[in-house]
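**Q** Okay, structure incoming, though there's no sequence with it:
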């Protein structure tokens, strides 16, 4: 009798202390669980071994990336349901170690071990970064982390990001079908240029320039000279070709360079869009001080950065296991207040903070649609495991922004001149 799904459902419920909110479909064709819920497809016994050896998020992620687990049904609904008992159980809920004190739970674990087959831990998928001992956020470790994330094939990013090749939150006037991703990304780039007050003849430093979209837009539409820096060789090569194709080589220079090594200031403006998440808490003041040093008095910084919610005990913050292992190695999110404080400590006057959290949810859903529409080609370019990493990462992040678990903010700051004049209008925004 095929009953693996029923056994898995009951055993996991005993171990976790709550019933699974999704249906289970097992390798023997059996199904169990809520009939109207999405199905968690357990393709083989190896998936169970992964969860036993790494309970929680990392075990699920490894099984997903390896193709041992899949979802049949709406991906967003499934992730929303699973998040309730994996990502949101909280430190005060019963943990697996607490549960193992109970005889019936120990018995359930033993039966899961028997169901999972030979008790050997499966090797992590090759897409999981291999850790190198040493300090975080050195020049060498940052370059390695950036390469892991970005050097997976520019063709893959063309599929996900679309023609704009902008890998950060777009700025939507209206969701599709009224608005398109390309228009929303153009509007975001233009918003940054207008906040920076760019004009012909000025010098802009674009920190974390990606594939060159901000640099090209600022040079072409505002007549500025731009230096764009990235740690990714693949990004730099792609950006340089785009700059040449636009006929902007006299106004745009793309460098493979660490922000700590830029010494040719002063600049009239600095844009840092989706880059500061890579800096790390212990380096953030250094990052802010470097940008302050590179700006002339009266010049502006636009820092566009994802933020997490503050914790009661900030010392307990740890990197997200899946994101750290597969997506952004060594990436760290800070609360908005911490970011503002660090900028102020570096000497900046913070003039404006705009939350665009809902805009990122719309952007991520559009990227997911792009990836799903050309899945076979994306998997050929980056590998099926890497494509699965991105599908899970982007869909989960879309939900996180929608549920207000994380946010994204544009912080406009000025390096104050001795006169104290900010150079900004008295009313810099129009409210409905």
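**A** In hand now; what should we look at? Computed from a predicted structure; not experimentally measured.
**Q** Have a look at the protein and report its longest helix.
**A** helix 384-402 (DSSP state H).
**Q** Give me the helices and strands touching that helix, please.
**A** The elements that helix 384-402 packs onto, with contact taken as 3 or more CB pairs under 8 Å, 6 or more residues apart in numbering; DSSP states H and E, are helix 57-66, helix 75-86, helix 154-161, helix 357-373, helix 375-382, strand 406-414. C-beta here means a position set from N, CA and C on the backbone, and glycine is covered the same way.
**Q** wait, which of those is closest to residue 181?
**A** helix 357-373 (4.6 Å; CB to CB).
**Q** coming back round to it: quick one, which of the helices and strands packed on helix 384-402 is packed in tightest?
**A** Most buried of those, by mean neighbour count (mean count of other CB atoms under 10 Å): helix 57-66, with a mean of 23.
**Q** Report the inter-axis angle for that one versus helix 75-86.
**A** 150 degrees (axes from the mean of the first three to the mean of the last three CA atoms, to 10 degrees).
**Q** Give me the next element, helix or strand, following helix 57-66.
**A** The helix or strand immediately downstream of helix 57-66 is strand 69-72, counting by DSSP states H and E.
**Q** thinking again about what came up before, show me how far the longest helix of the chain is from its chain's centre.
**A** 9 Å (CA atoms, centre = their mean, to the nearest Å).
**Q** Contacts for that helix next, please.
**A** Helix 384-402 has contacts (CB atoms under 8 Å, 6 or more residues apart in numbering) with 61, 64-67, 75-76, 79-80, 83, 125-127, 152, 156, 160, 322-323, 326-327, 357-358, 360-361, 364-365, 367-368, 371-372, 375, 378-379, 382, 406-408.
**Q** returning to what we had before: next, format the helices and strands packed on helix 384-402 as a markdown table and append mean pLDDT.
**A** Below are the helices and strands packed on helix 384-402 laid out as a markdown table (pLDDT from 0 to 100):
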| stretch | mean pLDDT |
| --- | --- |
| helix 57-66 | 92 |
| helix 75-86 | 84 |
| helix 154-161 | 95 |
| helix 357-373 | 97 |
| helix 375-382 | 96 |
| strand 406-414 | 98 |
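**Q** quick one: low-confidence ranges for the chain?
**A** For the chain, the stretches with pLDDT under 70 are 1, 84-102, 105, 131-137, 139-151, 175-178, 431-432.
**Q** Any buried residues in the helix or strand containing residue 113, and which?
**A** Here residue 113 sits within helix 103-116, counting by DSSP H and E. By neighbour count with 16 or more other CB atoms under 10 Å, helix 103-116 contains the buried residues 105, 108-109, 112, 115-116.
**Q** helices and strands around it, which ones?
**A** Short answer (3+ CB pairs under 8 Å, 6+ apart): helix 103-116 packs on helix 4-16, helix 45-53.
**Q** Tell me which of those sits most buried.
**A** Taking mean count of other CB under 10 Å, helix 45-53 is the most buried of those, at a mean of 21.
**Q** Name the residues that touch that helix?
**A** Applying CB under 8 Å, 6+ apart, the contact partners of helix 45-53 are 8, 27, 42, 59-60, 62-63, 66, 68-69, 109, 112-113, 115-117, 119-122.
**Q** Could you measure from the nearest residue to residue 50 once chain neighbours are set aside over to residue 45?
**A** Once flanking residues are discounted, residue 50 sits nearest to residue 63: 4.5 Å by CB to CB, 6 or more residues apart in numbering. Residue 63 is 11 Å from residue 45, where distance means CB to CB, to the nearest Å.
**Q** Then residue 275?
**A** Distance from residue 275 to residue 45, by CB to CB: 42 Å.
**Q** Am I right that residue 254 sits in a strand?
**A** Yes - if the criterion is DSSP: H, G, I helix; E, B strand; the rest coil, then residue 254 is within a strand.
**Q** one step back: I'd like the helices and strands packed on helix 103-116 laid out as CSV, including distance to residue 248.
**A** Output for these, formatted as CSV (distance: least, CB to CB, whole Å):
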stretch, distance to residue 248
helix 4-16, 56
helix 45-53, 49
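**Q** burial measure for the closest residue to residue 257 other than its chain neighbours, as a count.
**A** Nearest residue to residue 257, sequence neighbours excluded (CB to CB, 6+ apart): residue 229, at 4.4 Å. Residue 229: 21 surrounding residues under other CB atoms under 10 Å.
**Q** so residue 229 makes contact with residue 209?
**A** Yes - look at residue 229 against residue 209 with CB atoms under 8 Å: they come within range, at 6.0 Å.
**Q** any shared contact partners between those two?
**A** With CB under 8 Å, 6+ apart as the test, residue 229 and residue 209 both reach residue 254.
**Q** related to what we said a few turns ago, and what about the residue nearest to residue 257, helix, strand or coil?
**A** strand.
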